[in-house]
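Enquirer: The following block contains a protein sequence and its predicted model.
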Amino acid sequence: MTPPRELSVYMRVMALVAHLALIVLLIVTSASKLGLFAGLLLFAPLPGMLRGSRYVHAWASMMLVVYCALLLANGYAQPRTQLLMFVLAGLAAIDFTGLVMYVRFGSREAQARQAASRS
């Protein structure tokens, strides 16, 4: 019988899927160069996220808070794109949650492994 996977694995997958979906949707739906730049900017933390770096996940979560707030503000400011902006903001919130939970669970699991190796 194989041992159950750690929760951090599921949170990392959730964050990666949401992050990639957010990049694709922002690039595809962008109507301006600024929107395209916003989508391309999300590529910055991607290498560290693929490596599983908790540090990169932590600072990427701060970046996603700004995206979520700006997408919500854009949704309220432009009624004709409101549904799309709210969907993108929800996706950014899911990405944020996955990033934060990966850092939290990953740190706890690393501490537990370290404590188990000492005893």
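Expert: Alright, I've got the coordinates.
Enquirer: quick one: which helix or strand includes residue 18?
Expert: If you go by DSSP states H and E, residue 18 is part of helix 7-29.
Enquirer: Tell me the helices and strands packed up against that helix.
Expert: Helices and strands touching helix 7-29, as assessed by 3 or more Cβ pairs under 8 Å, 6 or more residues apart in numbering; DSSP states H and E, comprise helix 33-41, helix 46-51, helix 54-77, helix 82-118. Yep, even glycine has a C-beta here, placed from its N, CA and C like the rest.
Enquirer: Tell me what angle the helix or strand bottoming out on mean pLDDT in the chain forms with helix 54-77.
Expert: Least confident helix or strand, the chain: helix 33-41 with a mean of 88, by mean pLDDT, DSSP states H and E. For helix 33-41 against helix 54-77, the angle by axes from the mean of the first three to the mean of the last three Cα atoms, to 10 degrees is 160 degrees.
Enquirer: in stretch 25-42, what's buried?
Expert: 26-27, 38-39, 42 (16 or more other Cβ atoms under 10 Å).
Enquirer: Just checking the distance from it to the centre of its chain.
Expert: 16 Å (Cα atoms, centre = their mean, to the nearest Å).
Enquirer: Endpoints of that stretch, how far apart?
Expert: 11 Å (Cα to Cα, to the nearest Å).
Enquirer: Mind listing residues that contact it?
Expert: 19, 22-23, 63, 67, 70, 84, 88, 91 (Cβ atoms under 8 Å, 6 or more residues apart in numbering).
Enquirer: Put together CSV for the residues you listed, with pLDDT on each row.
Expert: Below are these laid out as CSV (pLDDT from 0 to 100):
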residue, pLDDT
19, 97
22, 95
23, 95
63, 95
67, 94
70, 93
84, 94
88, 95
91, 97
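Enquirer: The residues you listed: which two are farthest apart?
Expert: 63 and 84 (20.6 Å; Cβ to Cβ).
Enquirer: Much appreciated, bye for now.
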